[in-house]
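J.: Turn this into a structure:
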Amino acid sequence: MVEQKVLEMLNELMGEIKKTRADLSSEITQTRTDLSSEISQTRADLSGEITQTRADLSSEILQTRVDLSGEINTIKSDVGRNRILLEEVQKQIKTVAEGVTSLREQTVQQFETLTHYVNEKTSLLEKVIRNDVDEAKHIKGILGEHEVSIRHLKSKSL
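T.: Have a look, this model is predicted:
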């Protein structure tokens, strides 16, 4: 009888194990289905988000290109204007350099002319002064002679 009870208990346990297995199998299947559904939903959500992000990035990149294109055109325009201004400044510098060179040549020419004129006048003045000095010496000599003559006459008359 004890054996019978043990067999019954074993049969009950076997039944419960089979039931537990079936329940676990059912739960595992349900969990797999739920997880598969969640994974599919997550994939769909992520796919939508990725598509939206791509669209947003594409739009931003396009706008950035448009903005950069406008800035590049502005820079090209500024560079063109600066090139024209630089050419004008170079022409003006060239004109000023030619003017300075011409003025320098004129100044050198006038300086040489003035130097020649001053040298002529200085030479003439030197001749006049030497002549005047010679005449002064001659007059002094004559005055010296007259002085001697006057003294001599004074000494006779006294």
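
J.: Burial check on L35, number of neighbours?
T.: Using other C-beta atoms under 10 Å, L35 has 10 neighbouring residues. Bear in mind the C-beta positions are built from the backbone N, C-alpha and C, glycine included.

J.: So it, which state does it fall into?
T.: Following DSSP: H, G, I helix; E, B strand; the rest coil, the label given to L35 is helix.

J.: Can you name the residues that contact it?
T.: Residues near L35 by C-beta atoms under 8 Å, 6 or more residues apart in numbering: none.

J.: Which pLDDT does the model give T29?
T.: T29 is assigned a predicted lDDT (pLDDT) of 87.

J.: where do the helices sit along the protein?
T.: 2-157 (DSSP state H).

J.: Where does pLDDT dip in it?
T.: 158 (pLDDT under 70).

J.: mind running it again at 80?
T.: Applying pLDDT under 80 to the chain flags residues 1-2, 6, 153, 157-158.

J.: which residue lies farthest from the center of it?
T.: The centre of the chain is farthest from one residue, M1, which by C-alpha atoms, centre = their mean lies 107.9 Å away.

J.: For K91, grab the count of nearby residues.
T.: 10.

J.: V66 and A55: what is the separation?
T.: 17 Å (C-beta to C-beta, to the nearest Å).

J.: How about R81?
T.: Taken as C-beta to C-beta, the span from R81 to A55 is 39 Å.

J.: Also K5?
T.: 73 Å.

J.: what do you get for V96?
T.: V96 is 61 Å from A55, by C-beta to C-beta.

J.: Equivalent analysis for Q30, please.
T.: Taking C-beta to C-beta, one finds Q30 at 37 Å from A55.

J.: Please apply the same query to K91.
T.: Per C-beta to C-beta, K91 is found 54 Å from A55.

J.: With K121 instead?
T.: K121 is 97 Å from A55, where distance means C-beta to C-beta.

J.: Next: L10.
T.: 66 Å.

J.: And for R83?
T.: From R83 over to A55 (counting by C-beta to C-beta), the distance is 42 Å.

J.: With T31 instead?
T.: 36 Å.

J.: now M9
T.: 67 Å.
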